[in-house]
Each structure stands twice: as C-alpha cells, then as structure tokens.
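**Student:** Got a predicted structure plus its sequence, pasted below:
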Amino acid sequence: MDIELGQFYSRLGTVALIIALGFFLGKVKWISDKTNGQVVNLLLMVFMPAALFVAFPKDFTMDAMNMFFAGMGGGLVVSLALIIASLLIFNKWFYKKEEIRYESQFALIFNNATFLGYPIVATTFGQAGLIPYSGFIVIFNLSLFSYGVFLFERKLNWKLVRDTLMNPNIIAVALGMIVFLWEFQVPQVINESLGFVGNAMTPLSLICIGFMLSRARFSALIRKWRLFFTALVQLTIGPTITYFLLSGLGFPNEVVIVCTLIQALPTATSLGLFAKKYGGNETEASELVTISTIMSVITLPIIIGIFLS
C-alpha cells in the first residue's frame, strides 16, 4: 500500500472543500455553537462507532487479522514513544505554566485521528487502510480517555477506567473484531443501516472542523509564539518519530503509512473539549488546535513527500 500523490492531493482537496463549507456555515451563522456541540456528540457516540464497526472485512482472512493487530501494536508503540517525547520536550523548565504544559503534551500525543484521520484514510486507502486504522484507533481511544484525561485531572480513579472501557468507539471495534474473527453473519438490514450511518461520519466531521475554524480569532494568535512552537513540534517531530520507530521495528508498510499519516495531521479537536470539561485553559487549547490545523496545510504535504511518497 503506497500513497499515490496525485490521488492523495485530490482527496485532500475534497476534504479542504468540505472544511471550507463548514467554515462558511459558521461565518454566516447557519450553524450555532450549540448545534455544533450536538453534532460532535453524535459523531463520537453514534457515527464514528458505526463507521468503525463496518470497517472490518466481511470475510475472515489471516492477513486482515494480522493487519488489525499490527495496527494495535503500532498504536501502542507510537503512543508510548510520544508520551515520553512530550514529557522531555514540554517540560516544567520550558513551560512553567502547568495547564499550558499539559495541553502541549496532549497536543503532541493525540492527533486528529477521529474527525480528520478517518475520512482521509477511508477515502485514500479504502478498507486496506481502515483495517490497521481500526486497530490503531483502539489504542488511541484507550490512551485518549485515560492518559488524555489524566493530563487535565492529574489523578486516576475507577470512573476514568470505567468510562474508557465503556466508550462507544472501543465497544464498536471490539464487537467488529468479534464478528470478524468468529465469522458471525450480521443481518443484511443491520449491516446496511450501520453502513449508511457510518458514511455520514466523513462529511459531518469535516464540517465540524470548518465550523471550529470559523470561531477562531486569528489576530489574537500572532503573539502566542509558544503555541506555534508546540504546533510545529507536533506536526513534524510526531510523524518523524512514528516513521523511523515503526520502520525500524519492522512493522508492515500499511501500518507505517497509516500511523505516520495520522501523526502528520493537526492536533485533536478534543483538546479544546477536554480543556473545557476538565478545567484547562479552553481559550488557548482551542487556539492551539486552530494554529495546528492551519500550519498542517504546509507541513502535511512536506511530511508526505519526505516519508510516504
């Protein structure tokens, strides 16, 4: 599985146009903050789980199973490596303000693997990319709803563990894996219904990203050099570590490509949501997401050209 640059940029152009639609809808106020929040909740709780469930092949093969678990392994290796890198780079001597330090660590570890990663992988590689992606997203969600929350709350408790295991995306992938491995035949009407619901994931998630960008105050961002530094590290160091680490450990080419591509994407939009929910600096977290998204327009083609072409 290789990236054909012409096709990839064509897909990326499609993604950009749908994001631009969301930006326009936000500017003309056809979408409100409340509406966007409701759509985000539906994406996380309904559309994304459906999309992940139907991503599994309909027929069991050892190659597909091995690729799924390779994706999980790659996700685990990358998550641990980026956690260590985040602690070394965004340390208390460089970022004395705790909440900004922790948010910068979050930004390096967690990329926009859900809202932006899924549509790009799905449209670029189809099922060949979605199988390792499904394995990766299990580790991603486990890390996001455990260590990601810990970065804000700075404590571990049973509720955190329970909420992580009961996350709909984790449950959907687990069910999809069970159906795939045991070759259960899901009734066609259920399978098709989930497919239709899952197909809505791509356009809706991109519209939400566009809406979030429409709410950014670009004039206020110029003076915040630390946010630009964080975004630059996240967009360049993250995929570089991922590529060389997974390649050096001998992971399949599909896993290396998918994981490197995901780490080259802007930081997770959930950073702003987590900051709001768990008492972080919501404003600077959202600004960091905006800066990372804008800078990725420049850095993403460079990373693709260097590592994946």
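**Tutor:** Yes, it's here. Residues are numbered from 1 along each chain as shown.

**Student:** neighbours of Phe180, just the number please.
**Tutor:** For Phe180, the neighbour count with other Cβ atoms under 10 Å is 22. Bear in mind the C-beta positions are built from the backbone N, C-alpha and C, glycine included.

**Student:** In a helix, it, correct?
**Tutor:** Yes. Looking at Phe180 with DSSP: H, G, I helix; E, B strand; the rest coil, it is inside a helix.

**Student:** I'd guessed it sits against Phe53; true?
**Tutor:** No. Phe180 is beyond contact range of Phe53, at 9.9 Å (criterion: Cβ atoms under 8 Å).

**Student:** any idea where the helices of the stretch 101-250 of the chain begin and end?
**Tutor:** In the stretch 101-250 of the chain, helices defined by DSSP state H, counting those that start in this stretch lie at 118-125, 127-143, 149-153, 158-165, 168-182, 188-199, 201-214, 225-248, listed in chain order.

**Student:** As CSV, these with mean pLDDT would be great.
**Tutor:** Formatted as CSV, those follow (pLDDT from 0 to 100):
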stretch, mean pLDDT
helix 118-125, 82
helix 127-143, 85
helix 149-153, 81
helix 158-165, 74
helix 168-182, 83
helix 188-199, 89
helix 201-214, 82
helix 225-248, 93
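
**Student:** Let me see the contact set for Gly210.
**Tutor:** Residues in contact with Gly210 (Cβ atoms under 8 Å, 6 or more residues apart in numbering) are 18-26.

**Student:** Buried members of the residues you listed into ChimeraX, please.
**Tutor:** Listed next is the ChimeraX selection for buried residues among the contacts of Gly210, using 16 or more other Cβ atoms under 10 Å:
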select :18,19,22,23,25,26
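
**Student:** ok, so of the contacts of Gly210, who is nearest Pro57?
**Tutor:** Ile18 (27.1 Å; Cβ to Cβ).

**Student:** That closest one and Glu192: what is the separation?
**Tutor:** 24 Å (Cβ to Cβ, to the nearest Å).

**Student:** Repeat that for Val54.
**Tutor:** 9 Å.

**Student:** How about Glu103?
**Tutor:** Taking Cβ to Cβ, one finds Glu103 at 41 Å from Glu192.
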